[in-house]
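Q: how would this look folded up:
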Amino acid sequence: MGAVVTTYLELSDPARIQPARPVEAEIRRVEPPDGAVNRAFYEQVGADYAWIDHLDKDDRWWQAHAERVETWVIGEDAGYYELLRDGGDVQIAYFGLRPGFHGRGLGGALLEHALRRGFELGGRVWVHTCSLDGPHALANYRARGLVPYRVER
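A: Next up is the predicted model:
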């Protein structure tokens, strides 16, 4: 494995969101915030992608985290995203599908939803991904209209 490459992407105009193909899956907000839900998704979605930064955190930390972000889930817990307000911007803090749910169009639909919700909360939506993430992550971000603005090698 070579050096990890991190790509930062942004969208500052909601008119530039590229719609995903429609899917038959409900997208719902986790309300009230539930740290156990965020932890489970983080562990399961990130298991294959070196999401290790928060594996040692306790229940109190996860609950505080869940209360700082908006968490949305697609389908029967197929995947999720978290939005974090960052001044006037909104970060897609975590995004992904659980193993077994890839290739059904859920990721595109979920990302489109995340972008639209992000623009309800702020004037710019951004995310970062790295070469350790899923093989289709960067392509999905770009397909929905996000544009790279910084790459770190």
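Q: show me what the longest helix along the chain is packed up against.
A: Taking DSSP state H as the criterion, the chain has its longest helix at helix 106-121. Here helix 106-121 touches strand 27-29, strand 70-74, strand 79-86, strand 89-97, strand 124-130, helix 137-143, going by 3 or more Cβ pairs under 8 Å, 6 or more residues apart in numbering; DSSP states H and E. In this view, the C-beta of every residue, glycine as well, is placed from N, C-alpha and C.
Q: OK, contacts around the residue nearest the centre of the chain?
A: In the chain, the centroid-proximal residue (Cα atoms, centre = their mean) is residue 95; its distance is 2.0 Å. Residues in contact with residue 95 (Cβ atoms under 8 Å, 6 or more residues apart in numbering) are 79, 80, 81, 82, 110, 111, 114, 127.
Q: residues contacting the second one?
A: Residues counted as contacts of residue 80 (Cβ under 8 Å, 6+ apart) are 30, 37-38, 41, 45, 71-74, 94-96, 110.
Q: out of the residues you listed, who's the most crowded?
A: residue 110 (28 neighbours; other Cβ atoms under 10 Å).
Q: coming back round to it: distance to residue 54 and mean pLDDT added to the helices and strands packed on helix 106-121, as CSV?
A: What follows is the helices and strands packed on helix 106-121, written out as CSV (distance: least, Cβ to Cβ, whole Å; pLDDT from 0 to 100):
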stretch, distance to residue 54, mean pLDDT
strand 27-29, 21, 98
strand 70-74, 14, 98
strand 79-86, 12, 96
strand 89-97, 10, 97
strand 124-130, 16, 97
helix 137-143, 18, 95
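Q: tabulate the ones you listed (CSV), appending distance to residue 2.
A: Below are the helices and strands packed on helix 106-121 laid out as CSV (distance: least, Cβ to Cβ, whole Å):
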stretch, distance to residue 2
strand 27-29, 35
strand 70-74, 32
strand 79-86, 28
strand 89-97, 22
strand 124-130, 12
helix 137-143, 16
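Q: out of those, which comes closest to residue 3?
A: Residue 3 sits nearest to strand 124-130 of all those, at 10.3 Å, using Cβ to Cβ.
Q: okay, angle between that closest one and helix 106-121 too, please.
A: 140 degrees (axes from the mean of the first three to the mean of the last three Cα atoms, to 10 degrees).
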